[in-house]
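Undergrad: Need coordinates for the following:
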Amino acid sequence: MAAMCLVLYTIVVSRMGRQTDVIFGGAEGGSVRSDSVSFIDPNATAAPEPTEDIWPDINIEAPQYYMVRDGHALSSAFKPDVEQIPGTRSMMFDKAALPHLEDLLEAIKDAGFTVHVAGAYRSYSWQNELFNRKASQIAYGMGVDDYMDPLYQDAVAEAKTITMYPGTSEHQLGLAVDLMDREYSRLVYSNMNQEFFAWLDEHCAEYGFIKRYPTRKLLLTGWDEPWHYRYVGVEAATFIMEQGLCYEEFYAHYDPNFEY
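TA: Just a heads-up that it's a prediction; the model follows:
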């Protein structure tokens, strides 16, 4: 696990228009800035409600459909059965879903693109370490060096707007993967290969994946990570992508008590 964590990183994104911090794990760890949130459409709204009879007949309580976000956190004990993604340096993915990811990666290459797996499974403890690091950085900037100081909670609150709190990251599910056309030292979505993402957005559902945090859905998902893809199975993914939904909109249809 320790070796795996060294090569993982978290993309920590801000809400509601702040710039993006990107924290990399491992010996080359550092912090940079990104302007990807500049593409937010302030007029973005929820997609029109699809006709009732076309919604997939699924069990929303199955693990591949778990909602993971604020208010729907995974426990620290949750750990999926994961295996290494071939061709990566210790990147891990859900064992049952891995063949679908492998097929997607192969299809990307067959389409003439290179593909870089920038992030995959991340344990609760690793996410906790990243979050605490961010909170400590903020506290230090406030002149607070004691976590018992009441002002430290202000730093924690600020950190929650920048990086996902432990248990609320989909990477802990083992079903999320960050895909890019190459390795970047500075993550600026507008500087990435848009043909790569156009192809990926058009075809990802064929392999059971959705674009989980599209910029245009920031107000609904709370995060802007256009490179983050989530496995939900072909049936659900096809419906979500064809209808232009984010996962929150899809999930809410099956859970009337869900709020976002």
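
Undergrad: In three-state terms, label Tyr229 for me.
TA: Following DSSP: H, G, I helix; E, B strand; the rest coil, the label given to Tyr229 is strand.

Undergrad: for the residue lying closest to it once chain neighbours are set aside, which residues make a bridge with it?
TA: Setting aside the residues directly before and after it, Tyr229 is nearest to Phe209 in space (C-beta to C-beta, 6 or more residues apart in numbering), at 4.6 Å. Yep, even glycine has a C-beta here, placed from its N, CA and C like the rest. When bridges are assigned using DSSP bridges, the partners listed for Phe209 are Tyr231.

Undergrad: Would you mind measuring from Phe209 to Asp53?
TA: Between Phe209 and Asp53 the distance, using C-beta to C-beta, to the nearest Å, works out to 25 Å.

Undergrad: I'd say Lys217 and Cys246 touch.
TA: Yes. Between Lys217 and Cys246 there is a contact at 3.9 Å, judged by C-beta atoms under 8 Å.

Undergrad: For the stretch 1-150 of the chain, which segments are assigned as strands?
TA: If you assign secondary structure with DSSP state E, counting those that start in this stretch, the strands in the stretch 1-150 of the chain sit at 9-12, 20-24, 31-34, 82-84, 92-94, 116-119.

Undergrad: What's the per-residue pLDDT of the residue nearest to Tyr229 here?
TA: According to the predicted model, the pLDDT of Phe209 comes to 99.

Undergrad: which one of Phe209 and Asp53 has more residues nearby?
TA: Taking other C-beta atoms under 10 Å, Phe209 and Asp53 do not tie; Phe209 has more neighbours (28 against 5).

Undergrad: Surely the more buried one touches Ala236?
TA: No. Using C-beta under 8 Å, Phe209 is not in contact with Ala236, being 10.2 Å away.

Undergrad: OK, contacts around the most centrally placed residue in the chain?
TA: By C-alpha atoms, centre = their mean, the mean C-alpha position of the chain lies nearest to His228, the distance being 4.5 Å. With contact set as C-beta atoms under 8 Å, 6 or more residues apart in numbering, His228 has these partners: Ile11, Glu170, Ala176, Val177, Asp178, Lys211, Arg212, Tyr213.
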